[in-house]
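J.: predicted coordinates and the sequence they were generated for:
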Amino acid sequence: MTRMQKIGVVLGLALVASFTLLRATDPPLLRQIRDITFDEYQRITPRKFENTPVRVIDIDEASLREFGQWPWPRDRLALLVQRLSDMGAAAIAFDVLFAEADRLSPRSIMRDVAGVDPTLLSRLPDNDQLFAQAIADKPVVLGFGLSMDGSYKPPVKAGFAFTGESPFNAPPRMTAATPVRPQLQINATGLGHISLNPGTYSATVRRVPLLLSDGEQLYPNLALEALRVAQGASTYIVAAAPDIPDTLTSIKVGDFVVPVTSSGELWLYTSPDIADRYISAGKVLAPDGPAPEVAAAVQGSIVFVGTSSAGLQDIRTTALGENVPGVSIHAQTVEQILSGHFLSRPDWADGMEILLIAVLGTCLVIVTTFVSPAVGLAWGLIVTALAFASSWFAFSRWGLLFDPLAPIVAASIIHFAATSFRILVIDRERREVRKAFGQYLSPSLLHRIEHNPDALRLGGDDRELTVMFVDVRGFTTLSERLQPAEVVRFLNTLLDALSRHVVANEGTLDKFIG
């Protein structure tokens with residue numbers, strides 16, 4: 001190993017260590033690139049819409065044109081709940097906040113009119129009261145949002161059982177929530193948060209937090225609570241890693257076990273946004289009652305009430321690049337759990353990818369430095385193809401998410417740097433040696449000097465040498481008899497034969513004279 005080769009290996013390994021450390025710290029840019037890679041996988045093979053018993057009651061543009069702008073008076077929502085219940089909905093989940101009193105209630109309107117008789121006021125309808133009565137004893141789940149102000153925290157309608165270490169610090173933190181009207185809060189069968197990506201850096205919804213925590217209590221999200229209510233279950237079973245604190249592994253709700261990330265998030269395996277998922281709220285509230293096909297779609301289904309109207313600004317982006325109503329994300333969460341088609345990223349995936357960068361980078365540095373850049377490139381291309389193929393196979397076959405891009409990009413940069421160093425520094429010395437001695441030395445001796453240039457030093461070595469001088473006897477007479485072309489042909493034949501034997505014995509041709 002020459003001195004320059006040693007320097008090249010040291011610099012290459014330092015670059016490998018830098019990329020390994022960078023991947024271990026996992027900055028936001030790397031996470032974003034990894035998420036985009038997984039998005040592309042889903043776009044190639046999205047989850048199929050399997051017509052599971054989940055529907056969205058959509059407060060769409062047609063409904064708003066027919067019944068007026070949002071928010072609707074809550075006596076109309078009471079009618080919506082009653083009709084959905086009569087059609088046999090397994091659960092009715094509202095992706096709607098009920099933090100304030102209904103300003104369209106007759107009692108609320110007349111309260112602001114001066115001089116109104118209090119007795120008359122008490123006899124006027126109260127829409128909040130009507131809505132509270134409508135949801136009582138029905139499988140209704142109301143939503144609440146996150147708030148930066150106040151100290152309100154909603155009651156939890158279900159129990160929690162835990163296995164493993166304490167899970168309270170694993171989910172995203174909730175400091176306060178938007179309040180739910182007291183009577184609605186009491187009469188609702190379930191309460192769930194509607195936040196889809198709290199604290200994340202991306203506007204695209206890729207993971208749905210199934211749980212939030214205030215450090216002492218866990219709070220389920222709307223989709224998980226709707227699934228619990230639909231099954232009549234009373235308890236969530238939260239499984240945490242047995243020896244690792246603050247690390248969740250799964251959540252069991254009724255008959256379903258949901259694999260989650262360490263913070264209790266579900267990787268959303270998105271299906272395309274299609275019309276079969278939606279039922280217009282106007283069709284449910286039709287004056288003549290819902291049509292038979294609407295009743296058939298609602299019967300036995302978990303229904304989510306929300307809006308697709310762009311003006312109400314509840315539009316989210318999915319991994320497929322589609323802009324969909326936020327309520328659709330809740331519906332797809334339940335669809336995915338019912339179908340059993342999950343995505344997961346194993347806890348050891350990060351460690352494997354970090355190790356792959358270290359091993360692949362080290363091998364490329366060694367191969368490129370001591371063998372050849374071409375061999376290193378061929379080996380790197382083979383490993384790249386295997387990384388992509390294995391990552392895709394794991395996704396398409398088992399729903400496992402492994403990032404092939406970070407190791408491949410790191411290895412490519414390392415290979416480029418090692419190749420550049422070899423061409424610009426290591427091979428430059430060899431080119432200079434070949435240029436200086438290539439005309440005189442045998443190939444084997446030239447190769448030896450190329451790979452050990454330190455042997456070339458001023459002053460040389462004291463050695464016993466054999467020196468041979470060769471002269472052509474009678475050359476003057478011979479050249480006078482022959483034509484010039486014949487003289488050249490004669491000399492080429494003679495010198496070629498002599499030179500071949502000298503070179504074969506690692507001799508050095510000093511000069512041809514005469």
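T.: Arrived safely, thanks for sending.

J.: C-terminal to the longest helix along the chain, what's the next element?
T.: Determined from DSSP state H, the single longest helix within the chain is helix 373-398. For helix 373-398, the following helix or strand on the C-terminal side (DSSP states H and E) is helix 405-421.

J.: which strands or helices does that next one pack on?
T.: Helices and strands touching helix 405-421, by 3 or more CB pairs under 8 Å, 6 or more residues apart in numbering; DSSP states H and E, are helix 3-25, helix 28-44, helix 349-370, helix 373-398. (Each C-beta comes from the backbone N, C-alpha and C, glycine too.)

J.: so residue 483 versus residue 74, what's the distance?
T.: As judged by CB to CB, to the nearest Å, residue 483 and residue 74 stand 119 Å apart.

J.: just residue 421 next, same as before
T.: Separation of residue 421 from residue 74 (CB to CB): 72 Å.

J.: just residue 319 next, same as before
T.: 35 Å.

J.: same question, residue 248
T.: Here residue 248 is placed at a distance of 37 Å from residue 74 (CB to CB).

J.: go on, residue 420?
T.: Here the criterion is CB to CB. By it, residue 420 lies 70 Å from residue 74.

J.: looking at the two, which is more packed in?
T.: residue 74 (25 against 12; other CB atoms under 10 Å).

J.: show me what contacts the more buried one?
T.: Residues in contact with residue 74 (CB atoms under 8 Å, 6 or more residues apart in numbering) are 102, 104, 105, 127, 128, 130, 131.

J.: check which helix or strand the first one maps to.
T.: Secondary structure from DSSP H and E places residue 102 outside every helix and strand.

J.: you'd agree it is up against residue 128?
T.: Yes. The pair residue 102 / residue 128 is scored as a contact, 5.2 Å apart, by CB atoms under 8 Å.

J.: ok, residue 128 touching residue 184?
T.: Yes. Checked against CB under 8 Å, the pair residue 128 and residue 184 is within contact range at 7.1 Å.

J.: where does residue 321 fall, helix, sheet strand or coil?
T.: coil (DSSP: H, G, I helix; E, B strand; the rest coil).

J.: measure it to residue 206 for me?
T.: With CB to CB as the criterion, residue 321 and residue 206 are 12 Å apart.

J.: who's more crowded, the two?
T.: The neighbour comparison of residue 321 against residue 206 (other CB under 10 Å) goes to residue 206, with 21 against 12.

J.: where does that one fall, phi/psi-wise?
T.: Backbone geometry at residue 206, expressed as degrees, to the nearest 10, gives phi -110, psi -30.

J.: rewinding a little: the contacts of residue 74, buried ones only, as a ChimeraX selection?
T.: In ChimeraX, a selection of the buried entries from the contacts of residue 74 looks like this (16 or more other CB atoms under 10 Å):
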select :102,105,127,128,130,131
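
J.: any stretches of the protein with poor pLDDT?
T.: Low-confidence segments of the chain, defined by pLDDT under 70: 1, 108-124, 199-202, 426-461, 510, 514.

J.: show me the domain layout of it.
T.: Under the assignment automatic domain parsing, the domains of the chain span 48-339, 463-514.

J.: just checking the distance from the first one to the centre of its chain.
T.: When you say that, I think you mean domain 48-339. 26 Å (CA atoms, centre = their mean, to the nearest Å).

J.: on that earlier part again, now, among the contacts of residue 74, which is nearest to residue 62?
T.: Lowest distance from residue 62 to those (CB to CB) belongs to residue 104, with 20.7 Å.

J.: so who does the nearest residue to residue 417 once chain neighbours are set aside touch?
T.: Spatial nearest neighbour of residue 417, excluding adjacent residues (CB to CB, 6 or more residues apart in numbering): residue 15 at 5.7 Å. By CB under 8 Å, 6+ apart, the contact set of residue 15 is 361, 365, 413, 414, 417.

J.: how about residue 215?
T.: Counting by CB under 8 Å, 6+ apart, residue 215 touches 168, 169, 173.

J.: in TSV: the domains of the chain, plus distance to residue 9.
T.: Shown next, in TSV, are the domains of the chain (distance: least, CB to CB, whole Å):
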stretch	distance to residue 9
domain 48-339	37
domain 463-514	30
